[in-house]
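# got a predicted structure plus its sequence, pasted below:
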Amino acid sequence: MQKMPQWAEVVLVPLISLFLAAILSALVILGIGEDPIEAVNLMITGALGSTYGWGYTLYYATNFMFTGLAVAVAYHAGLFNIGGEGQATLGGLGVALVCLMLPWPHWSLALIAAILGSALFGAFWAMIPGYLQARRGSHIVITTIMFNFIAAALMNYVLVNMLRPAGSMDPATERFPEAVHLPSLHDVLAVFGINFSKAAPANVSLLIAMIACLLVWILIWRTRLGYEIRSFGKSESAARYAGIAPARITIITMLLSGALAGCMAINNVMGEAERLVLNAVEGAGFIGIAVALMGRSHPFGVFLAAILFGFLYQGGAELALWTSIPRELIVVIQALVILFTGALDNMVRAPLEKVFLAMRRAPKSERKTQAAE
Amino acid sequence: MELLSLFDLAVLDSTIRLATPLLLACLAGLFSERAGIFDIGLEGKMLAAAFFSAAVAAVTQSVWLGLAAGIAAAMALSAVHGLASITFKGNQLISGVAINFLAAGMTVLIAQDWFQQGGRTPSLIGGGRFPPITLPFVDAVRGIPFIGPIYAELISGHSILVYVAVLAVPGTWWILFRTRFGLRLRAVGENPAAVDTAGVSVVGLRFAAVAICGVLCGIAGAYLATALQAGFVKDMTAGRGFIALAALIFAKWRPWQALWATLLFGYLQAIALRPDIIERALGFTVQVQLLDAMPYILTVVILAGFVGKAIPPRAGGEPYVKER
């Protein structure tokens, strides 16, 4: 039996968790001697007050949509993929190889190839932990953590020893050719006569990320595979009795998850930096965890949560610029969101469930007494 | 004989220094995971302890007060972990992730607020650091070939926390395998229902284990900031919590094996700092990145069951619910 109506589950619980995280964040800001209301005002003007701010907010949000979807898909199968960071790193390598190795006539062709390349590399990096969990019984959380570190070391090696142009000291690839330059939101919106900041890094990848949200929704709720993933996540034994092969679902889910995380690279590597640098992911893989938790692993929730975190990221950068609040405030907020929406979920949920059960019981008992009369 | 230079005293000495925080964190994780509480928040707890020990030591000029503050900070995060994963039966892994980020953000935030030095503490001098300890008879023994230099250079001359860490190994072994508390603690990680049936508090035992984990992480963090280095810098744990986690798996959740595993990983860290020695000894260069990644690769290989099987405590990661 559902203890709470659907809307409370989907809207109320996350909002209360977010509210608690926000209150604690405000206390933290107060604690370091700044004014939380002023800080929020600064963040809103900085992140949403101009198309420039929006451009950065949406750019970050695009990253988080991909990594959030990656965590969400795995979560539906009961798998906790902490390896988004490493998978997105490898995705960057895929994008760089695609962009540098072939002469592309047009960005659209390069984009399609880059999506395939990044998804392939990301999926590969997630496949090994997936295989090890499915066939060798090693815990996916630990292996994905280990693979994050191995990815960082591998990327370091590849950039320093293989992809670095001769004579350059910088551990980075050379710039991608002009032909693979992705249109920014400025270019896209100009077609419709809308004026959007030229300097902001948001680009067509945002549309790809939104399409990815839609595709993931279709996959999870409208396909046989999605059904298998969900039933496997709910109960492995039940899924097994229904003839669903656990190893197959585990590996396929991790492939999809890794591919989504890898695709982030079309935004940050191809869309923004236009070359591959060390630590290009900058923690976006981990923010995917917060985004997926906040969005309740639903693609639309992930979409909204990604924009929220994009706002926090850009707002936090503005705060660091204008006040003495360091950027790390965002890391704290991120931690609190993960804590309240993820680990302390029951703390919020249990009292709410009691309230709803009490509300439901009350009218029923009235009915009973009426019947007795 | 060139190969022997891979094991020269300087390298082995820094092996011990670098293995100490890994060992302490590994034993911390051992207590927690043996009681059925997965802890991927070792990194965060060490980081918080590193900051608060350095901050308090810098302000009070007393390294012992710093150590106490570090332990208190790590225990506070342990309490959060316990609250989330024991009291509210939340996901232990997610809680650990949150704790890592909480520590990474809060340490810089507070450091900036207190010291305004870009997220670091002032450098520790004098009483703010743990001094090296010279063991007795060093001068008398030094002359003896082979054993003498090992005793004088390698074993003597570390800070007290190094000896604490080494002694914590038999200590952990004794507590876990020779006391009633240890038996119950291990039982609660394998079959909490049985412990509950015997009338022993599962919640109490698990909180005790998480608290011990906090104390050991606290010492590990304090060692980083007040003994290995002189002060706190942003993200100074640099993945050590995860290497400790890897060592824990490598050691298959046993204390003596934890010592060997952390020494091995400490050695890999030490040798990675000296590429010249590797080249001289082996005649070819080994990529630093490969040495960096080695602990993680070894752990994956162990986890995959290709070299022995690492089986975690059976009830690990699952909150205990009295009635199903």
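Received the coordinates, thanks.
# buried residues of stretch A:31-50, list them for me.
Neighbour-count burial for stretch A:31-50, counted by 16 or more other Cβ atoms under 10 Å in any protein chain shown, picks out A:I32, A:E34, A:A39, A:V40, A:L42, A:M43, A:G46, A:A47. Every C-beta, even on glycine, is put in place using the N, C-alpha and C of the backbone.
# do the same with stretch A:279-298
By neighbour count on 16+ other Cβ under 10 Å, the buried set for stretch A:279-298 is A:280-281, A:283-298.
# go on, stretch A:191-208?
Buried residues in stretch A:191-208 (16+ other Cβ under 10 Å): A:F196, A:S197, A:A200, A:P201, A:A202, A:N203, A:V204, A:S205, A:L206, A:I208.
# the helix or strand in which B:R206 is found close to chain A?
Assigned by DSSP states H and E, B:R206 belongs to helix B:202-223. No. Figure legend: helix B:202-223 not in contact with chain A (Cβ under 8 Å from any Cβ of the partner chain); closest approach 13.5 Å.
# strands of the stretch 1-150 of chain B, residue ranges please.
Shown for the stretch 1-150 of chain B, the strands assigned by DSSP state E, counting those that start in this stretch span residues B:132-133.
# okay, helices next: where are they in it?
Secondary structure of the stretch 1-150 of chain B by DSSP state H, counting those that start in this stretch: the helices cover B:9-34, B:42-60, B:63-82, B:92-115, B:138-141, B:147-149.
# after the last one, which helix or strand is next?
Counting by DSSP H and E, the next helix or strand C-terminal to helix B:147-149 is strand B:158-159.
# got the contact list for that following strand?
Here strand B:158-159 makes contact (Cβ atoms under 8 Å, 6 or more residues apart in numbering or on different chains) with B:I16, B:R17, B:T20, B:F130, B:P131, B:P132, B:I133, B:Y223, B:A227.
# the first one contacts B:G266, doesn't it?
Yes. In this structure B:I16 lies within contact range of B:G266 using Cβ atoms under 8 Å: 7.0 Å.
# and the two? which has more neighbours close in?
Using other Cβ atoms under 10 Å in any protein chain shown as the criterion, B:I16 and B:G266 rank with B:G266 on top: 24 against 20.
# for whichever strand or helix holds the more buried one, packing partners?
Assigned by DSSP H and E, B:G266 belongs to helix B:255-272. Applying 3 or more Cβ pairs under 8 Å, 6 or more residues apart in numbering or on different chains; DSSP states H and E, we find helix B:255-272 packed against helix B:9-34, helix B:160-178, helix B:240-250, helix B:288-303.
# what's the closest of those helices to A:A238?
helix B:288-303 (27.2 Å; Cβ to Cβ).
# pLDDT of the closest one, averaged?
Average pLDDT, helix B:288-303: 83.
# on that earlier part again, which among the helices and strands packed on helix B:255-272 is found nearest to chain A?
Evaluated over the helices and strands packed on helix B:255-272, closeness to chain A peaks at helix B:288-303, with 3.6 Å, by Cβ to the nearest Cβ.
# low-confidence ranges in chain A?
Scanning chain A for pLDDT under 70 picks out the ranges A:1-2, A:363-373.
# and the residue nearest the centre of it?
Central residue of chain A (Cα atoms, centre = their mean): A:G68, 2.2 Å from the mean position.
# up against chain A, what does the stretch 1-150 of chain B have?
So the stretch 1-150 of chain B meets chain A at B:38, B:40, B:80, B:83-85, B:88-95, B:97-102, B:104-106, B:108-110, B:112-113, B:119 (Cβ under 8 Å from any Cβ).
# picking that back up, okay if I get the buried residues of stretch A:31-50 as CSV plus secondary structure and distance to B:A140?
Shown next, in CSV, are the buried residues of stretch A:31-50 (DSSP: H, G, I helix; E, B strand; the rest coil; distance: Cβ to Cβ, whole Å):
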residue, secondary structure, distance to B:A140
A:I32, coil, 55
A:E34, coil, 60
A:A39, helix, 64
A:V40, helix, 68
A:L42, helix, 67
A:M43, helix, 66
A:G46, helix, 68
A:A47, helix, 69
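# helices - which of the buried residues of stretch A:279-298 land there?
Counting by DSSP state H, these place A:A284, A:G285, A:F286, A:I287, A:G288, A:I289, A:A290, A:V291, A:A292, A:L293, A:M294 in helices.
# the first one reaches A:A88, doesn't it?
Yes. At 6.4 Å, A:A284 counts as touching A:A88 under the criterion of Cβ under 8 Å.
# so what sits against both of the two?
A:T67, A:M264, A:N268.
# ramachandran coordinates for the second one?
It refers to A:M264. Here is the backbone geometry of A:M264 (degrees, to the nearest 10): phi -50, psi -30.
# what sits against it?
Contacts for A:M264 were tallied using Cβ under 8 Å, 6+ apart; they are A:T62, A:N63, A:F66, A:T67, A:A88, A:G91, A:S118, A:V281, A:A284, A:G285.
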